[in-house]
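Asker: Fold the following.
(one chain, ligands or ions: 2)
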Amino acid sequence: MKRALITGITGQDGSYLAELLLAKGYEVHGLIRRASTFNTDRIDHLYRDPHEQDVRLFLHYGDLSNSEQLTNLIYNIQPDEIYHLGAQSHVRVSFDMPEYTGDVTGLGTTRILEAIRRSGIKTRFYQASSSEMFGDAPAPQNESTPFRPRSPYAAAKVYAYWMTVNYRQGYGLWACNGILFNHESPRRGETFVTRKITRALANILAGKQKKLYLGNLEARRDWGYAPEYVEAMWLMLQQDEPDDYVIGTGESHSVKEFLEEAFSYAGLDWREHVEIDPRYFRPTEVEFLLADASKAREKLGWSPKVTFKELVRIMVDADIEAAGLTPPGEGKRILQEKFSGWHRWEGAV
Ligand code: NDP
Ligand code: GDR
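Answerer: Ligands and ions are numbered 1, 2, ... in the order given. Purely as a prediction, here's the structure:
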């Protein structure tokens, strides 16, 4: 039985990846932060009492700022694969907390790489790199596109990217970077723009909210469906040699287009509900991201199945259902038909 360690297991990607690896028969260990309230909503459906038989999911308290404890954990677990997804992952917040973001999102990777090197264990390492690293580099972006980061978050991710490459080259660590473009789902954090929109839409339908305040509606992103992206992470670690891969759909849409698609699907006009609040503008914005994922297609055999329009419908359906209303149902149908997945349908968790 293969053993994996996931940092960031309580996040959107961590929860889907845990689900995927458990379905593949792995023993899965996850790093979680101690909090005064429950922060395991996204993985509660996977958790079993440790006293039961055939338990394969284990959670460990820890923090990416604590190197000694990360080293002990990695040494004790001896994972075959480490998926490092933990991060302060919000770009806007990184402008308010640049030092903390550098510590957790940047140095956090170094702490894990050092823990692997010092403990001497043989493991495969995945670094959650990001399309944000491309910043204002011209689209489409691929593995050869130079990084031009436009936020403390992106700068921290560029540092972590190069540390991963450096430990691969310098110490022979089996380490790779997945440069993932935006990917979304009903489990997406509520303050990222797609989920903020679909959740507000459901609240408007339920009569709980009237207005939705947003920032820059012109920014364009290459949005895909998160469960497909964690499959790409797994595929990267199954290759003969470690390498770096761009993952995205090859389609780019503006925030305005997302609004249009989501509201019209639910029978509403977004212009009647959306207002601009400059508070959500960023000091420096990334205007246009579009993935060229041909390397992943050729070498990993990975390509996305869920389109932009379908992604929007999946998210809108889930949030409407979670608000206690009956969704139009297209999203649910698309998942059943198209995504013979290992993950279950859910009203947003
Ligand atoms: P989320 O924000 O949903 O999850 C982040 C995870 O990191 C959570 O489990 C969080 O724990 C954990 N975390 C945060 N700070 C610490 C810390 N100090 N110590 C330990 N754990 C910590 O992110 P996603 O799932 O969306 O993304 C996963 C990774 O992929 C991130 O590194 C992100 O930057 C990167 N990425 C994401 C993309 C996307 O579109 N989603 C695209 C490209 C890269 P808690 O639940 O306690 O807050
Ligand atoms: P991003 O995602 O910054 O691309 O980072 P986010 O959804 O936060 O922003 C996307 C675009 O929407 C614009 N926008 C708003 N964004 C937010 N959050 N809230 C708003 O009200 C709003 N109005 C407009 C933004 O300006 C931006 O242009 C995500 C994160 O998951 C990162 O961790 C990851 O690395 C990248 O995707 C790829």
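Asker: Kindly state the beta-bridge partners for residue 29.
Answerer: Judged by DSSP bridges, the bridge partners of residue 29 are residue 5, residue 58.
Asker: how many neighbours does it have?
Answerer: 23 (other Cβ atoms under 10 Å). Any C-beta I mention is one placed from the backbone N, CA and C, and that applies to glycine too.
Asker: so it touches residue 6, yeah?
Answerer: Yes. Using Cβ atoms under 8 Å, residue 29 is in contact with residue 6, at 7.2 Å.
Asker: Only the buried residues of stretch 280-291, if you could.
Answerer: 285-286, 288-291 (16 or more other Cβ atoms under 10 Å).
Asker: Do that stretch and ligand 2 come into contact?
Answerer: Yes. Counting by Cβ under 6 Å from any ligand atom, ligand 2 is contacted by stretch 280-291 at 280, 282, 285.
Asker: Now do that stretch, average pLDDT.
Answerer: For stretch 280-291, the mean pLDDT works out to 98.
Asker: For residue 226, state which of the buried residues of stretch 280-291 is nearest.
Answerer: Distance to residue 226 across the buried residues of stretch 280-291 (Cβ to Cβ) is lowest for residue 291, with 14.7 Å.
Asker: Give the closest residue to the closest one in space, chain neighbours not counted.
Answerer: Excluding the flanking residues, the one nearest residue 291 by Cβ to Cβ, 6 or more residues apart in numbering is residue 248, at 2.3 Å.
Asker: For the stretch 1-150 of the chain, which residues are neighbours of ligand 2?
Answerer: Residues of the stretch 1-150 of the chain found near ligand 2 (Cβ under 6 Å from any ligand atom) are 89, 91-92, 130-132.
Asker: Tell me how many other residues surround the closest residue to ligand 1 within the chain.
Answerer: Nearest residue of the chain to ligand 1, counting by Cβ to the nearest ligand atom: residue 11, 2.1 Å away. When neighbours are counted by other Cβ under 10 Å, residue 11 registers 22.
Asker: who's residue 84 bridged to?
Answerer: Assigned bridge partners for residue 84, using DSSP bridges, are residue 7, residue 127.
Asker: distance of it from ligand 2?
Answerer: 13 Å (Cβ to the nearest ligand atom, to the nearest Å).
Asker: wait, does whichever strand or helix holds residue 204 contact ligand 2?
Answerer: Assessed by DSSP states H and E, residue 204 sits inside helix 193-205. Yes. Judged by Cβ under 6 Å from any ligand atom, helix 193-205 comes into contact with ligand 2 at 193, 196.
Asker: Pull out the buried positions in that helix.
Answerer: Buried residues in helix 193-205, counted by 16+ other Cβ under 10 Å: 193-205.
Asker: Kindly indicate which of these lies nearest ligand 2.
Answerer: For these, with ligand 2 as the reference and Cβ to the nearest ligand atom as the criterion, the closest is residue 193, at 3.6 Å.
Asker: how about the nearest residue to the closest one once chain neighbours are set aside, what does it touch?
Answerer: Leaving aside its chain neighbours, residue 193 sits nearest to residue 255 (5.7 Å; criterion: Cβ to Cβ, 6+ apart). When contacts are counted by Cβ atoms under 8 Å, 6 or more residues apart in numbering, residue 255 touches 193, 214, 216-219, 221.
Asker: mind redoing it with 6 Å?
Answerer: Counting by Cβ atoms under 6 Å, 6 or more residues apart in numbering, residue 255 makes contact with 193, 217, 219.
Asker: any idea how far the last one is from residue 78?
Answerer: Meaning residue 219. 43 Å (Cβ to Cβ, to the nearest Å).
Asker: just residue 277 next, same as before
Answerer: Per Cβ to Cβ, residue 277 is found 49 Å from residue 78.
Asker: Tell me the residues on the stretch 151-300 of the chain that lie near ligand 1, please.
Answerer: Going by Cβ under 6 Å from any ligand atom, the residues of the stretch 151-300 of the chain near ligand 1 are 180, 182-183, 189.
Asker: from those residues, which would you call buried?
Answerer: Neighbour-count burial (16+ other Cβ under 10 Å) applied to these gives 180, 182-183.
Asker: I am assuming residue 156 contacts residue 102, so please confirm or correct that.
Answerer: Yes. Between residue 156 and residue 102 there is a contact under Cβ atoms under 6 Å: 4.9 Å.
Asker: Between those two, tell me which one has more neighbours.
Answerer: Each of residue 156 and residue 102 has its neighbours counted (other Cβ under 10 Å); residue 156 has more, 28 against 19.
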